[in-house]
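Q: need a 3D model of the sequence below.
(6 chains)
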Number of protein chains: 4
Amino acid sequence: MPTVTWSRLGGERRAAVVAAAEAEFAEHGFSRGSLNVIARRAGVAKGSLFQYFADKRDLYAHITDVGSQRVRSYMEDQIRVLDPGRPFFEFLTDLLDVWVAYFAEHPRERALHAASSFEVDTDARVSVRAVVHRHYLEVLRPLVHDARERGDLRADADVDALLSLLLMLLPHLALAPYVRGMDPVLGLDEMSAEQPALVVRRYVAVLAAAFGRSALSAPQTLPTGNLGGEHAYD
Amino acid sequence: MPTVTWSRLGGERRAAVVAAAEAEFAEHGFSRGSLNVIARRAGVAKGSLFQYFADKRDLYAHITDVGSQRVRSYMEDQIRVLDPGRPFFEFLTDLLDVWVAYFAEHPRERALHAASSFEVDTDARVSVRAVVHRHYLEVLRPLVHDARERGDLRADADVDALLSLLLMLLPHLALAPYVRGMDPVLGLDEMSAEQPALVVRRYVAVLAAAFGRSALSAPQTLPTGNLGGEHAYD
Amino acid sequence: MPTVTWSRLGGERRAAVVAAAEAEFAEHGFSRGSLNVIARRAGVAKGSLFQYFADKRDLYAHITDVGSQRVRSYMEDQIRVLDPGRPFFEFLTDLLDVWVAYFAEHPRERALHAASSFEVDTDARVSVRAVVHRHYLEVLRPLVHDARERGDLRADADVDALLSLLLMLLPHLALAPYVRGMDPVLGLDEMSAEQPALVVRRYVAVLAAAFGRSALSAPQTLPTGNLGGEHAYD
Amino acid sequence: MPTVTWSRLGGERRAAVVAAAEAEFAEHGFSRGSLNVIARRAGVAKGSLFQYFADKRDLYAHITDVGSQRVRSYMEDQIRVLDPGRPFFEFLTDLLDVWVAYFAEHPRERALHAASSFEVDTDARVSVRAVVHRHYLEVLRPLVHDARERGDLRADADVDALLSLLLMLLPHLALAPYVRGMDPVLGLDEMSAEQPALVVRRYVAVLAAAFGRSALSAPQTLPTGNLGGEHAYD
DNA sequence: CATGAATGAGCTTTCATTCAT
DNA sequence: GATGAATGAAAGCTCATTCAT
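A: Residues are numbered from 1 along each chain as shown, chains lettered A, B, ... in the order given. Sure thing, here's the model as predicted:
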């Protein structure tokens, strides 16, 4: 946790440190990220960093926390806009589209997300992933539960298995388009504009078939024709 | 790629280098793994490593390749034993059980797998994951295709989506039981002996519901009662 | 020397600073002791330390002074109890026993003593040793002079040589039982309960032979039989 | 222990490293001595030091070892010159004169000796003192034993107590003339040319009285009149 | 008189790679 | 083909002291 010194710090200095640290950790991850570089870029003395944070890991945790909250806030806003009361898989499709678009447009957010996913240092990775997972679940769990309440999910649907899969799919969708080789099957990493939207629909189709109210509601054909338009599942 | 010098090398020396490098990379990953240590443990001169491999990454790639092939060979043997001609999701359950057991019993293999999954160095990670993914797919694709041919998969099943999900599930099942926080929903990291088998069945149930021949074949209840015994899906 | 600000300070605050500084310097010595830590433990601002003392060394000198005075007071009390009018070497034996016991029972005192003895920083060490030596001498010199007056010392005894040796023996006896390798001959550092008492008697025997009234009074055998009991020298 | 690399090293490079390290450690002791400075002064890369020595302490131990052996060799030569077969306390007086003179003329040797005596780092100090003490004892013990055999010591002399005192007196005589406050009684630190010789005689007189063959042989007057000339004890 | 934020030089150790032998 | 000495940048972190508030 940041020190009290950090909490009393002027906004400008704080912003400089956060920006420098985000950039560095996004670029090189925790283990490879350099405090020297962060201090230099932020225009503060190296020692000052240790007045604000207990150590490197503390700084990293803070940066990740801030970043996660930013993403979460954005997504929660979007969730309201997209109307979570709609048929679940239709809503989920839109949500994932937004998710993909957000990371497409925010390279630094994406880099931070990647850095935390691939961190070698087990403790650093574990503690950061814990934060990220918590945010994910606090947002997703109510959505999924409401969907089941509403009857959008099959009565015996394994809700936790759904959440578990979403926890794998979300980072995958955010990062795969920018990391060569991460998705050698569906080709998310082949840069074509509609690729991600298509993949989103294929994944959602799977989830709908597995967890949706009735097997009959599963799409008979891939909905490639109306990307971003109306949805077939309801 | 290893140099010609490496290919002309005596088997003993080669084995020593491979063993030392595997141990080191398993323990510390690529970025943190030390060539100093590898050379010392292998009993060869530091300079010799550079006669055999272009650089550190080249050595790492080779080690991963060798490791992947070892895992693949083992799994291919097991596939024959398990009879791939059986009903697909029943077979898949057994296969994943074997997979989980293999990594449970081979900590170094698991460590190498983890090291490659969490490598910070993007290029190193990408090239290594490419190799691993290739092995995965060369084994899984025929299995899945045969299953569809046999009619174990629904006619319109999105085979590539299935493969894509398996590519996420396999590393997850191998590592999550040993990496705190990797699975905060299904609790793979809570050490209880049946946990992995149970989770395997939950994931397979999802896949069966999504890709299986008929929605009717989806399990009505979680098959927790017959872990490792007979299977309900066919 | 402490500033006037220090002298005007409330007793509680002063005590907190002294306690924190003693603990820190006892643990790590002057060079390694940290003002940061002292300020934190004392619950005062780092800057305040510089309002009370000119610099680190000034604080250290003060702490040593306070500590020395505490030891001196204790020893002066004991001297009265032990009756300094008794035959000198008998009295000295008891005195050294008390001395050894005091440091055995007061680890912090011992640590402070050790810290000042082994300080690398020459100036710090010199000024601190000067204080300690002054205390030693102000206590010992009257004792030794009285002994000569009474005739317990040989008429031509080199009193200053005796004091000089005592100045070496006192720290040695206090510390050697706790510092490996400090006494490789008499084995003070081999932890056995009677060891120090035995060594005290051997040293006193030497001093008695060298400075005692008559050569005839020198012990013919080592007085190992009556540790802590009656004494042979008089 | 130095590495094999060190043992294979060219004499010039080795000499440069040793010289630089001696100078630095003499000046600042182990804890404060800087490897940065040593490498720079020696004209070698910082990393090279770690090819030659396991770590800082290893280098320090080597430097101290070399230094101790140098002093020991010199003293052993002098012992032969001074004729150890002479009456012991006469011989000892000359020996201590030589000892004092050696450190007077070799400031770096003296500084190294001081550095090892006052080192804060317990482990470093202990291991170094162990080496020094070993050298001391290997030289002194035979001399003292021969003296007793010859009858120069009283039959019941506590030989180990004598050695123990010599182990305190030797560093004291070497360093006290150059360290203010180290000897506030006999005034070794007051720079006057005959002072050390005088003090040597006072200490020897004490030892002679305590351990010499007969109390009658103890000097009746301090032999201040013939410093460096003939000796009164025999 | 008290505070505590800021400083930046300083520390030891590790590392992949080069290249003369 | 094998060797291993040499390199020097880079790392995270600590510290006594200053000084504006």
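
Q: and residue A:31, what element?
A: Using DSSP states H and E, residue A:31 sits within helix A:11-32.

Q: check which helices and strands the worst-scoring helix or strand of chain A on mean pLDDT sits against.
A: Ranking every helix and strand in chain A by mean pLDDT, DSSP states H and E puts helix A:107-118 at the bottom, with a mean of 87. Other elements packing on helix A:107-118 under the criterion 3 or more C-beta pairs under 8 Å, 6 or more residues apart in numbering or on different chains; DSSP states H and E are helix A:11-32, helix A:56-82, helix A:88-105, helix A:122-150, helix A:159-175. Placement of C-beta: from N, CA and C, glycine included.

Q: run the angle between the longest one and helix A:107-118 for me.
A: Helix A:122-150 and helix A:107-118 are oriented at 110 degrees to each other (axes from the mean of the first three to the mean of the last three C-alpha atoms, to 10 degrees).

Q: and the second one, by the same measure?
A: Counting by the same axes, to 10 degrees, helix A:56-82 lies at 120 degrees to helix A:107-118.

Q: same check on the third one?
A: Taking the same axes, to 10 degrees, one finds that helix A:88-105 is oriented at 110 degrees with respect to helix A:107-118.

Q: so how far is helix A:88-105 off the chain centroid?
A: With C-alpha atoms, centre = their mean, to the nearest Å as the basis, helix A:88-105 stands 11 Å off its chain's centre.

Q: pull the CA atoms of that helix into CSV?
A: Extracted in CSV, the C-alpha atoms of helix A:88-105 (Å, rounded to 0.1, in the frame of the first residue of the first chain):
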residue,chain,number,x,y,z
PHE,A,88,-28.2,-12.3,-21.8
PHE,A,89,-26.2,-13.6,-24.7
GLU,A,90,-27.2,-10.7,-26.9
PHE,A,91,-26.0,-8.3,-24.2
LEU,A,92,-22.9,-10.4,-23.6
THR,A,93,-22.0,-10.1,-27.3
ASP,A,94,-22.2,-6.3,-27.1
LEU,A,95,-20.3,-6.3,-23.9
LEU,A,96,-17.4,-8.2,-25.4
ASP,A,97,-17.4,-6.0,-28.4
VAL,A,98,-17.0,-3.0,-26.1
TRP,A,99,-14.3,-4.8,-24.2
VAL,A,100,-12.4,-5.6,-27.3
ALA,A,101,-12.8,-2.1,-28.6
TYR,A,102,-11.6,-0.6,-25.3
PHE,A,103,-8.3,-2.5,-25.4
ALA,A,104,-7.9,-1.8,-29.1
GLU,A,105,-8.1,1.9,-28.4
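
Q: ok, residues contacting that helix?
A: Applying C-beta atoms under 8 Å, 6 or more residues apart in numbering or on different chains, the external contacts of helix A:88-105 come out as A:71, A:74-75, A:78-79, A:82-84, A:109-110, A:113, A:143-144, A:147, A:150, A:152-153, A:169-170, A:173-175, A:177, A:196-197, A:200-201, A:203-204, A:207-208, A:212, A:228, A:231, A:233-234.

Q: again, but for stretch A:20-37
A: In contact with stretch A:20-37 (C-beta under 8 Å, 6+ apart) are residues A:38-42, A:46, A:49, A:56-57, A:59-60, A:63-64, A:67, A:108, A:111-112, A:114-116, A:118-121, A:124-125, A:128, B:31-32, B:120-121.

Q: so how far is residue A:63 from the spatially closest residue to residue A:9 that is not a sequence neighbour?
A: Computed as C-beta to C-beta, 6 or more residues apart in numbering or on different chains, the closest residue to residue A:9 that is not its neighbour in sequence is residue A:52, at 6.9 Å. Using C-beta to C-beta, to the nearest Å, residue A:52 is found at 12 Å from residue A:63.
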